[in-house]
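Enquirer: Provided below for reference: sequence and predicted model.
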Amino acid sequence: MARSASVMRKGLSEDDVQKMHDYENSDLPERTKMALRLTDRLFQDRDRIDDTFYERLREHFDEDELLDLGMTLAFVLGWQRFIEAFGIRPDNWSEGMACPWDPLENSKVE
């Protein structure tokens, strides 16, 4: 499987990646689960980011961390919408491939 070499060097394991498929039932740290919950809500149902959810986020992240996380997620979401709107596909894209969970074979992201 192709994974980012720099991320793997920083300690992300293939096992951790697999746990993200069902992170709520995984043994990932609660801080990681909260980041993934925020990601899901921003991408799928941003109306669910209410004061209660924000307070739960603040138990794990300070304001600077939330700003960094939020801006990164906003960039990724914007980029995703842009490439979908313009029909941009990587040169090695195959029909039926799912992103981001199915890595591109024979490619390496640095």
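Expert: Ah, there it is.
Enquirer: State the mean pLDDT of the longest helix anywhere in the chain.
Expert: Counting residues, the longest helix in the chain under DSSP state H turns out to be helix 63-85. Across helix 63-85, the average pLDDT comes to 92.
Enquirer: now do stretch 10-23
Expert: 85.
Enquirer: Please compute how far it lies from its chain's middle.
Expert: 11 Å (Cα atoms, centre = their mean, to the nearest Å).
Enquirer: Of all the residues in it, which ones are buried?
Expert: Of the residues in stretch 10-23, those buried by neighbour count under the rule 16 or more other Cβ atoms under 10 Å are Asp16, Val17, Lys19, Met20, Tyr23. C-betas here are computed from N, CA, C, even on glycine.
Enquirer: My read is that the fourth one contacts Arg37, right?
Expert: Read that as Met20. No. Counting by Cβ atoms under 8 Å, Met20 stays clear of Arg37, with 11.8 Å between them.
Enquirer: Check whether Gly11 sits in a helix, strand or coil.
Expert: Three-state call for Gly11 (DSSP: H, G, I helix; E, B strand; the rest coil): coil.
Enquirer: From Arg46, how far out is it?
Expert: Using Cβ to Cβ, to the nearest Å, Gly11 is found at 30 Å from Arg46.
Enquirer: coming back round to it: among the buried residues of stretch 10-23, name the ones in strands.
Expert: Among the buried residues of stretch 10-23, no residue falls in strands (DSSP state E).
Enquirer: from those residues, which ones fall inside helices?
Expert: Among these, the residues falling in helices (DSSP H) are Asp16, Val17, Lys19.
Enquirer: so which of those comes closest to Phe61?
Expert: Using Cβ to Cβ, Asp16 is the member of those that lies nearest Phe61, at 19.0 Å.
Enquirer: Wait, that closest one touches Leu28, no?
Expert: Yes. With contact defined as Cβ under 8 Å, Asp16 counts as touching Leu28 (7.1 Å).
Enquirer: what's Asp45 sitting at in phi/psi?
Expert: Main-chain dihedrals, Asp45, degrees, to the nearest 10: phi -160, psi 70.
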